[in-house]
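Peer 1: got a predicted structure plus its sequence, pasted below:
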Amino acid sequence: MITLCKACGTSYEVTAGHPQSCPICEDERQYVPASGQAWITPSELRAGHTNKWRQLAPGLLSVETVPNFAIGQRAIIVQSEEGNILWDCIPHFDDATQAIITALGGLKAIAISHPHYYSTMQDWAAAFDAPIYLHADDKKWIQRDSPYIHLWEGETLDLNSHVQLLRLGGHFAGGSVLLHKAENGVLLSGDIIQVAPGAGSVSFMWSYPNMLPLSAPTVAAIAHRLKDVRFNALYGAFEGKNIPENAADIVRQSARKYIECIERR
Ligand SMILES: [Zn+2]
Ligand SMILES: [Zn+2]
């Protein structure tokens with residue numbers, strides 16, 4: 001049977017009960033709640049939650065769970081003539097979600113920024129017979145094996161003629177973003193690049209909940225990596241984390257500000 005960690009949404013296969021602990025929560029980038037680790041089955045989750053949909057831009061749909069569950073992850077569906085791609089994954093997967101995605105044409109692939117979004121990816125993949133692309137550098141964080149998981153290595157992976165994954169590292173060694181080359185370019189960043197509350201800047205952290213920063217050279221490397229990547233819009237890991245215009249400049253300026261702050265004496 002499957003059980004989910006209530007704090008982070010990671011799913012585990014168990015014969016009964018629940019695991020001793022959640023390695024994702026016990027990692028220094030996440031946390032075990034002060035009230036202790038708690039678990040929920042998918043059917044218990046379905047009884048009290050639903051998914052809501054929003055069109056972020058033409059061909060870009062976000063899926064978020066209400067009421068909020070785990071870290072409040074959102075997933076984004078990138079629609080394309082070459083097939084739909086699920087970017088990042090959320091724990092809650094129900095019949096309505098399956099019916100809506102099927103009506104949209106199903107999923108050609110699932111790609112995930114980093115382990116905080118692995119959630120129930122194995123179940124989404126099985127439902128749509130879709131491969132899951134995870135960066136090999138984060139292999140040790142996979143908690144449930146699946147025949148659908150494909151590990152990729154190196155710095156880029158083309159998912160189709162318009163969509164490419166870029167490994168940026170930082171928050172996780174295999175931390176990746178999705179570049180959609182349509183229009184003026186759209187970057188789906190997970191929290192490898194975190195959109196700040198005013199949506200006029202971004203940040204880059206080792207741990208967001210524990211407020212642990214990345215080093216200046218790491219952030220400089222991320223900025224350098226994006227130097228020649230063309231994108232105008234950026235959509236982050238959570239609801240409302242959207243930069244609809246001028247995102248490449250905002251990322252550049254934010255990286256500069258970050259480095260200036262962390263090197264201050
Ligand atoms: Zn957890
Ligand atoms: Zn994260």
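Peer 2: Sure thing, it's come through. Ligands and ions are numbered 1, 2, ... in the order given.

Peer 1: show me which residues of the stretch 1-150 of the chain sit near ligand 2.
Peer 2: Residues of the stretch 1-150 of the chain lying near ligand 2 by Cβ under 5 Å from the ion: His116. For every residue, glycine as well, the C-beta is placed using N, CA and C.

Peer 1: which single residue of the stretch 1-150 of the chain ends up nearest ligand 2?
Peer 2: His116 (3.6 Å; Cβ to the ion).

Peer 1: could you do the stretch 151-265 of the chain as well?
Peer 2: Asp191 (4.5 Å).

Peer 1: what sits against that residue?
Peer 2: Neighbouring residues of Asp191 by Cβ atoms under 8 Å, 6 or more residues apart in numbering: 113-114, 116, 171, 205, 208, 236-238.

Peer 1: enumerate every residue touching the residue of the stretch 1-150 of the chain closest to ligand 2.
Peer 2: Per Cβ under 8 Å, 6+ apart, neighbours of His116: 8, 24, 30, 71, 73, 190-191, 237.

Peer 1: before we move on, the earlier item: tell me the pLDDT of the residue of the stretch 151-265 of the chain closest to ligand 2.
Peer 2: Looking at Asp191, its pLDDT is 94.

Peer 1: coming back round to it: neighbour-wise, which of the contacts of His116 leads?
Peer 2: Ranked by neighbour count under the definition other Cβ atoms under 10 Å, these are headed by Gly190 with 28 neighbours.

Peer 1: which residues touch that one?
Peer 2: Counting by Cβ under 8 Å, 6+ apart, Gly190 makes contact with 88, 112-114, 116-117, 175-177, 236-237.

Peer 1: gap between the residue of the stretch 151-265 of the chain closest to ligand 2 and His18?
Peer 2: Using Cβ to Cβ, to the nearest Å, Asp191 is found at 26 Å from His18.

Peer 1: check which helix or strand covers the residue in the stretch 51-200 of the chain that ligand 1 sits nearest to.
Peer 2: Scanning the stretch 51-200 of the chain for the residue nearest ligand 1 gives Ala70, at 7.8 Å (criterion: Cβ to the ion). Using DSSP states H and E, Ala70 sits within no helix or strand.

Peer 1: number of nearby residues for it?
Peer 2: Ala70 has 20 nearby residues by other Cβ under 10 Å.

Peer 1: and what of Asn51?
Peer 2: 18.

Peer 1: returning to what we had before: identify the residues contacting the closest residue to the residue of the stretch 51-200 of the chain closest to ligand 1 other than its chain neighbours.
Peer 2: Excluding its sequence neighbours, the residue lying closest to Ala70 (Cβ to Cβ, 6 or more residues apart in numbering) is Gly9, at 3.1 Å. Contact analysis of Gly9 by Cβ under 8 Å, 6+ apart lists 69-71, 73, 90-91, 119-120.

Peer 1: repeat the analysis, applying 6 Å as the threshold.
Peer 2: 70, 91, 119 (Cβ atoms under 6 Å, 6 or more residues apart in numbering).

Peer 1: do a quick rundown of the helices in this protein.
Peer 2: For the chain, the helices defined by DSSP state H occupy 23-26, 42-48, 95-103, 121-128, 216-225, 247-263.

Peer 1: distance between the last one and the chain's centre?
Peer 2: Read it as helix 247-263. Computed by Cα atoms, centre = their mean, to the nearest Å, the chain-centroid distance of helix 247-263 equals 22 Å.

Peer 1: and that helix, what does it pack against?
Peer 2: Counting contacts by 3 or more Cβ pairs under 6 Å, 6 or more residues apart in numbering; DSSP states H and E, helix 247-263 packs against helix 216-225.

Peer 1: if you set the cut-off to 10 Å instead, what comes out?
Peer 2: Judged by 3 or more Cβ pairs under 10 Å, 6 or more residues apart in numbering; DSSP states H and E, the packing partners of helix 247-263 are strand 186-190, strand 194-195, strand 202-203, strand 212-213, helix 216-225, strand 233-236, strand 242-243.

Peer 1: out of those, deepest packed?
Peer 2: Stretch with highest mean neighbour count among the helices and strands packed on helix 247-263: strand 186-190 (a mean of 27; mean count of other Cβ atoms under 10 Å).
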